[in-house]
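following is a predicted model, sequence given first.
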Amino acid sequence: MSLRAIVLAAGRGTRMKSERPKVLFEVAGRSLLAWVLDAVAEVGADEVIVVVGHGADEVRAALPEGVRAVTQQPQLGTGHAVMAALAAVGEVGGDTILVVPGDTPLLRPETLRALVEARADAPASLLTTEMPDPTGYGRVVRRGSRVVGIVEQRDATPEQRVIREVAVSTYAFDGAALAAALAALGTGNDQGEYYLTDAVAALAADGEVRAVPVADPAEVQGINSQDQLATVVAEVRRRLNAAWMAAGVEMVDPGRVYLDAGVAVAAGARLYPGVHLEGRTTVGAGAVVGPDVFAVDSIIGPGARVWYSVLRGAEVGEGAQVGPFASLRPGTRLEAGAKVGTFVETKATVVGRGSKVPHLSYMGDASIGEDSNIGAGTITCNYDGREKHRTVIGDRVFIGSDTMLVAPVTIGDEATTGAGSVITRDVSPGALAVERSRQREVPGYAARKAKKASRKE
């Protein structure tokens, strides 16, 4: 006997007011669908089928290897979506069919396991919960304690609409029983669609349909609007931050720390408010990050200090300093003890051990050796209008303020450039390079200028 999972991901999500397929909206750096697929995978499904429709190509492209896509076209309701999936699967007699909506990222694997186990010898089981406001959900109709059906909001009577126990579109079915119930479905409802809930009612007439209650409605919250998405994002952020703090990460104000699910933070790190860590960013032990840092796919090493800065594909070494107001673009690497300071931008640049670019500079396509100092206002002129060129700066170099380094150019070890110079040729190790005209003074200039102005009046 196999467990087959069908994930419903064909809907447009009209209330999202977006052309993006609803299931591809993100929570903590991962799509709604990715969260659901991970939960399903942990249950141990032998086959996973995602039913696609709106934005089918985009959704299909986002699926992990081994997950199969089936197109529902036209989209005639949840029952029709499951029909499309079963038609692609073929014979399902004896299998358990798990049906899960693709927009429930908080759904836990243990809840799905309980749902599958509850079905056992019954034709079906379903997740239910009590919603403070059940508007929009199918109401669970019982006769005594027994489930006899599910009534959609549009088709519910006033008496049924006050029911707070709702179904959340998550079921486990006996394969043969489900196939028979789907074959008997009609479209005699307000939307003219094939309701999967009608199949549940048909199965309840022939045997026990077991309800598995979920205590926390947030776990099974589907996302149909931007405000619901924001609510779920906040809950995921709370869970992630709580887990990291339990692991030894200090958060000065956890309500203002935003971490993607793929981020890793070592115990002993401190995160200040306004920190956004995305992608595969890692933070080492003893690092202090924030306030107000955005880092994506970056490495912040042990003991590093980063504040009021943006990092994209950058690596900050042990004990290095970044900021305030620095921008580290892809390919930037700071070795141990290096510094990139106030209003400095770097791109495809290595700043060597103990070297400093303290302020007001641009280092692009550059290599800086150890213990060098880059003066304020220094720029690597790396683009000639057609191609990028590299600047190489050696060890223990002193670059004077407002130096223009016109690449390709190499500054040798222990060399110095004079402030205000435009360096267009290589500088030998230990040499001083100065490129600027001699200062000239014109005595009495202010008086002559004033006299000339008075004549014009």
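Okay, I see it.

buried ones in the helix or strand where residue 179 lies, by neighbour count?
Secondary structure from DSSP states H and E places residue 179 in helix 175-183. Within helix 175-183, the residues that count as buried by 16 or more other CB atoms under 10 Å are 175, 177, 178, 179, 180, 181, 182. Any C-beta I mention is one placed from the backbone N, CA and C, and that applies to glycine too.

go on, stretch 244-258?
In stretch 244-258, counting by 16+ other CB under 10 Å, buried: 244, 249, 251, 254, 256, 257, 258.

name the nearest residue to residue 194, sequence neighbours excluded.
Computed as CB to CB, 6 or more residues apart in numbering, the closest residue to residue 194 that is not its neighbour in sequence is residue 79, at 3.4 Å.

check which helix or strand that neighbour maps to.
Judged by DSSP H and E, residue 79 forms part of helix 78-89.

how far away from the center of its chain is that helix?
Chain-centre distance of helix 78-89: 31 Å, with CA atoms, centre = their mean, to the nearest Å.

same thing with stretch 260-268?
14 Å.

cool, and stretch 310-326?
On CA atoms, centre = their mean, the centre of stretch 310-326 falls 20 Å from the chain's centre.

stretch 71-86 too?
Counting by CA atoms, centre = their mean, stretch 71-86 comes out at 30 Å from the chain centroid.

outline the domain layout of the protein.
Per automatic domain parsing, the structural domains of the chain span 3-220, 240-433.

what distance separates the start and the end of the shortest one?
The reference is to domain 240-433. 54 Å (CA to CA, to the nearest Å).

cool, the longest one as well?
Using CA to CA, the gap from the first to the last residue of domain 3-220 comes to 21 Å.

which residue packs closest to residue 381, ignoring adjacent ones?
residue 406 (4.5 Å).

any idea how many residues pack against that neighbour?
16 (other CB atoms under 10 Å).

for it, give me the pLDDT.
pLDDT for residue 406: 98.

circling back: tell me the helices and strands packed up against the helix holding residue 79.
Applying 3 or more CB pairs under 8 Å, 6 or more residues apart in numbering; DSSP states H and E, one finds that helix 78-89 makes contact with strand 3-9, strand 47-52, strand 68-71, strand 96-101, helix 175-183, helix 196-206.

what does the fourth one rub up against?
Pointing back at strand 96-101 there. Residues from elsewhere that reach strand 96-101 (CB atoms under 8 Å, 6 or more residues apart in numbering): 1-8, 36, 39-40, 43, 45, 82, 86, 107, 112, 115-116, 119, 168-175, 178, 196, 222.

thinking again about what came up before, look at the residue nearest to residue 194 and say how many residues are nearby.
21.

correct me, but it touches residue 193?
Yes. Assessed by CB atoms under 8 Å, residue 79 is found in contact with residue 193 at 7.3 Å.

quick check: mean pLDDT across the helix of greatest length in the chain?
The longest helix of the chain (DSSP state H) is helix 226-246. Average pLDDT, helix 226-246: 96.

in it, what counts as buried?
229, 232, 233, 235, 236, 237, 240, 241, 244.

list of residues touching it?
Against helix 226-246 from outside (CB under 8 Å, 6+ apart): 16-17, 25, 27-28, 105-106, 218, 221-223, 251, 254, 257-259, 261, 265.

quick one: strands adjacent to the next helix or strand after it?
Heading C-terminal from helix 226-246, the first helix or strand you meet, by DSSP H and E, is strand 250-251. Paired strands of strand 250-251, with direction, are strand 270-271 (parallel) (DSSP bridges).

got the CA positions of the following helix or strand past the strand it pairs with in CSV?
Next helix or strand after strand 270-271 toward the C-terminus (DSSP H and E): strand 275-278. Output of strand 275-278 as CSV, limited to C-alpha atoms (Å, rounded to 0.1, in the frame of the first residue of the first chain):
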residue,chain,number,x,y,z
VAL,A,275,18.6,43.2,10.9
HIS,A,276,17.4,41.4,7.7
LEU,A,277,19.4,38.2,6.9
GLU,A,278,18.3,36.5,3.7
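
and strand 275-278, what does it pack onto?
With 3+ CB pairs under 8 Å, 6+ apart as the test, strand 275-278 has strand 257-259, strand 293-296 packed against it.

so how far is that strand from its chain's centroid?
So, by CA atoms, centre = their mean, the centroid of strand 275-278 is 10 Å from its chain's centroid.

what do you get for stretch 193-201?
Worked out by CA atoms, centre = their mean, stretch 193-201 lies 35 Å from the chain centre.

got it, and stretch 114-133?
Per CA atoms, centre = their mean, the centroid offset for stretch 114-133 relative to its chain is 31 Å.

report the rounded mean pLDDT for it.
94.

please pick the buried ones from the contacts of helix 226-246.
16, 25, 27-28, 105-106, 221-223, 251, 254, 257-259, 261, 265.

now, which of those residues lie within strands?
Counting by DSSP state E, the buried ones among the contacts of helix 226-246 place 27, 251, 257, 258, 259, 265 in strands.

turn the domains of the chain into JSON lines, including distance to residue 451.
Formatted as JSON lines, those follow (distance: least, CB to CB, whole Å):
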{"stretch": "domain 3-220", "distance to residue 451": "69"}
{"stretch": "domain 240-433", "distance to residue 451": "32"}
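
in the helix or strand of the chain with the lowest mean pLDDT, what counts as buried?
In the chain, no helix or strand scores lower on mean pLDDT, DSSP states H and E than helix 445-456, which sits at a mean of 87. By neighbour count with 16+ other CB under 10 Å, helix 445-456 contains no buried residues.

using PDB, write out every CA atom in that helix.
C-alpha atoms of helix 445-456 as PDB (Å, rounded to 0.1, in the frame of the first residue of the first chain):
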ATOM      1  CA  TYR A 445      43.600  88.400  -6.900                       C
ATOM      2  CA  ALA A 446      40.600  89.300  -4.600                       C
ATOM      3  CA  ALA A 447      41.200  93.100  -4.900                       C
ATOM      4  CA  ARG A 448      41.500  93.000  -8.700                       C
ATOM      5  CA  LYS A 449      38.300  90.900  -8.900                       C
ATOM      6  CA  ALA A 450      36.400  93.400  -6.800                       C
ATOM      7  CA  LYS A 451      37.700  96.400  -8.800                       C
ATOM      8  CA  LYS A 452      36.700  94.800 -12.100                       C
ATOM      9  CA  ALA A 453      33.200  94.100 -10.800                       C
ATOM     10  CA  SER A 454      32.800  97.800  -9.700                       C
ATOM     11  CA  ARG A 455      33.600  99.000 -13.200                       C
ATOM     12  CA  LYS A 456      30.700  97.000 -14.600                       C
END
